[in-house]
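[1] Below are the sequence and a predicted model; questions follow.
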Amino acid sequence: MTDPNSDSPTPDSPTAEAAGPDPAATEASVTEATENAEASGRLAQPYSFEGVTPSEDVRARWGDLEPGTETGETITVAGRLMLRRIQGKLGFGTLADGTGRVQLFAPKASTPDFDAFAGLSLGDWIGVTGEVMTTRRGELSVKVDDWVRLAEARRPFPDKWHGLADTDTRYRQRYVDLWTTEEARDALVLRSRAVSLIRRFFEDRNYLEVETPMLHSQPGGALATPFETHHEALDLPLYLRIAPELYLKRLVVGGMERVFEIGRVFRNEGISTRHNPEFTMLESYEAYGDSDTYMELTEQLVAHLAAELLGTTTVQSGEHELNLAPPWRRAPMDELTSEAVGETIGVDTPIERLRQLCDTHDVHYDDGDGPGKLLLELYEKLIEHTLIQPTFVTDYPVEVSPLSRAHRDRPGYVERFECIVAGRELCNGFAELTDPDEQLARFTEQAEARAAGDPEAMTVDEDYVRALQYGLPPTVGLGIGIDRLIMLLTDSLSIRDVVLFPTLRPEPSIDLTIRRDTPEGPAPSE
């Protein structure tokens, strides 16, 4: 019997070789081994493969075995063959699945069609049945008593140690990147867990999850440039939604007092490390609350996610250590901007003076911008990127907040907040405008701006005004970009790192020729 306590190095060490045929095998012997394996059905790629134990469960149950243990228990595992070392009459491999990795131990004397097993390609999907054991070095392993190839990797697969070096290729070929870049897989799995926790967070507070239309007959709910499309049967121009806001507030009018939606929104704007044309947005609305209600809810939500996903409310963002534990700082926009320019300014500051300050600080503005827009431009250029610890910036100008309710104490401002963390906007929330006459007037102003050439301005949504005429109770709303939230929790510098398939320019062409003589990847370095 082959000694399971072999001293041979495991494939999880850097001295392991990349998968490939046994160097001592001749071409004829490899061909013969393949033919024998095909005849036995081991390369048949079956329609199903049942009874699989995830590697995570294998480690959970047998991870504490002493070195040199034979358990006598047989299990079945399946996944990709990511590393292998064939040395004489012994073979070692690393099998990776969606939960982790486990070593394969393949003695030639007991492994069926051993030479064919040795000739498998790096990246082949295989199923293995065998005894759970540990080597003398203590590596938890599955002894290969039976095996079958589930899918052939016809393209050369990057090895574990080098992965995909080109970032653009990683984003384009995420189906490969998820296997070779553990950090990418971890971030994207965390994203899925975070969305699940967000749902539970709101459901535990008696919110109802809803779905609203993605195709809108007119753009609205945010200041952004929409994507346009056309419905052939109705001969109707339509827009991909830039926000679900107006439909969600219609539901509050309809008596759904606490609602939320997690879904895609689309904005026809630039691409950067913080912007993707389609992204995932959480929006929620609560009747009878105000902006203070939702500032408290926001900081509770983010702290809860950090604690559940990371085990702490202290997270790293580049060189900064962030404390996400409530309460978070709150500061009015005009006060922050006044500190930066060295004088008190606000929406009542003469517009010529605001333009002078914009010129002094090299802040771009358009001739039609009013005091509120100029104040916002100064804030975004001088202040936003300096706010590292979580900060609620409050009291936005009414000019840049067409859906927000007027401030109860400060004319010219609205009860709105944005949360800034690590110099990035994380969320936007405000007390909702409930007066249909005022809403119609603001829509009209937006429509005039749109007619004057502003592609981000809104149009007049008469149906929404009609809904408000039935009565909207005091209501507060919140929008959080899921992508930016995951960037915060994973310390990612680019939104592309937390989106499974980010928007990229199409490749000019894709070479589908399979070069079987292409090496499967360099051996891991010593």
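    Okay, I see it.

[2] ranges for the strands of the stretch 51-200 of the chain?
    Using DSSP state E, counting those that start in this stretch, the strands found in the stretch 51-200 of the chain span residues 70-87, 90-97, 100-107, 125-134, 140-143, 146-151.

[3] per-residue confidence at residue 524?
    pLDDT for residue 524: 28.

[4] Check residue 102 too.
    Looking at residue 102, the pLDDT reads 97.

[5] Please save the CA atoms from the host helix or strand of residue 431 in PDB.
    Using DSSP states H and E, the element containing residue 431 is strand 424-431. This file holds the C-alpha atoms of strand 424-431, laid out as PDB (Å, rounded to 0.1, in the frame of the first residue of the first chain):
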ATOM      1  CA  ARG A 424     -16.300  60.000  -1.200                       C
ATOM      2  CA  GLU A 425     -20.000  60.400  -1.300                       C
ATOM      3  CA  LEU A 426     -21.600  57.300   0.300                       C
ATOM      4  CA  CYS A 427     -25.300  58.300   0.500                       C
ATOM      5  CA  ASN A 428     -27.800  61.000  -0.100                       C
ATOM      6  CA  GLY A 429     -31.000  61.500   1.900                       C
ATOM      7  CA  PHE A 430     -33.500  64.200   2.600                       C
ATOM      8  CA  ALA A 431     -36.900  65.100   4.000                       C
END
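
[6] show me where the stretch 301-450 of the chain has helices.
    Under the criterion DSSP state H, counting those that start in this stretch, helices of the stretch 301-450 of the chain are mapped to 333-341, 351-360, 371-382, 436-451.

[7] With mean pLDDT and distance to residue 117 as added columns, please give these in TSV.
    Glycine gets a C-beta too; all of them are placed from N, C-alpha and C. Below are the helices of the stretch 301-450 of the chain laid out as TSV (pLDDT from 0 to 100; distance: least, CB to CB, whole Å):
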stretch	mean pLDDT	distance to residue 117
helix 333-341	98	65
helix 351-360	97	70
helix 371-382	97	60
helix 436-451	92	66
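
[8] Residue 239 is nearest to which of these?
    helix 436-451 (12.7 Å; CB to CB).

[9] Now do that closest one: which elements does it pack against?
    helix 462-469 (3 or more CB pairs under 8 Å, 6 or more residues apart in numbering; DSSP states H and E).

[10] Buried residues in the helix it packs on, which are they?
    Using 16 or more other CB atoms under 10 Å as the test for burial, helix 462-469 gives 464, 467, 468.

[11] where in the protein is pLDDT low?
    1-40, 159-165, 515-526 (pLDDT under 70).

[12] thinking residue 265 is in contact with residue 243, fair?
    Yes - in this structure, residue 265 is within contact of residue 243 by CB atoms under 8 Å, at 5.8 Å.

[13] Common neighbours of the two, please.
    residue 281 (CB atoms under 8 Å, 6 or more residues apart in numbering).

[14] quick revisit: want to throw the strands of the stretch 51-200 of the chain into a markdown table with mean neighbour count?
    Listed next are the strands of the stretch 51-200 of the chain as a markdown table, based on neighbours: other CB atoms under 10 Å:
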| stretch | mean neighbour count |
| --- | --- |
| strand 70-87 | 18 |
| strand 90-97 | 23 |
| strand 100-107 | 22 |
| strand 125-134 | 21 |
| strand 140-143 | 23 |
| strand 146-151 | 19 |
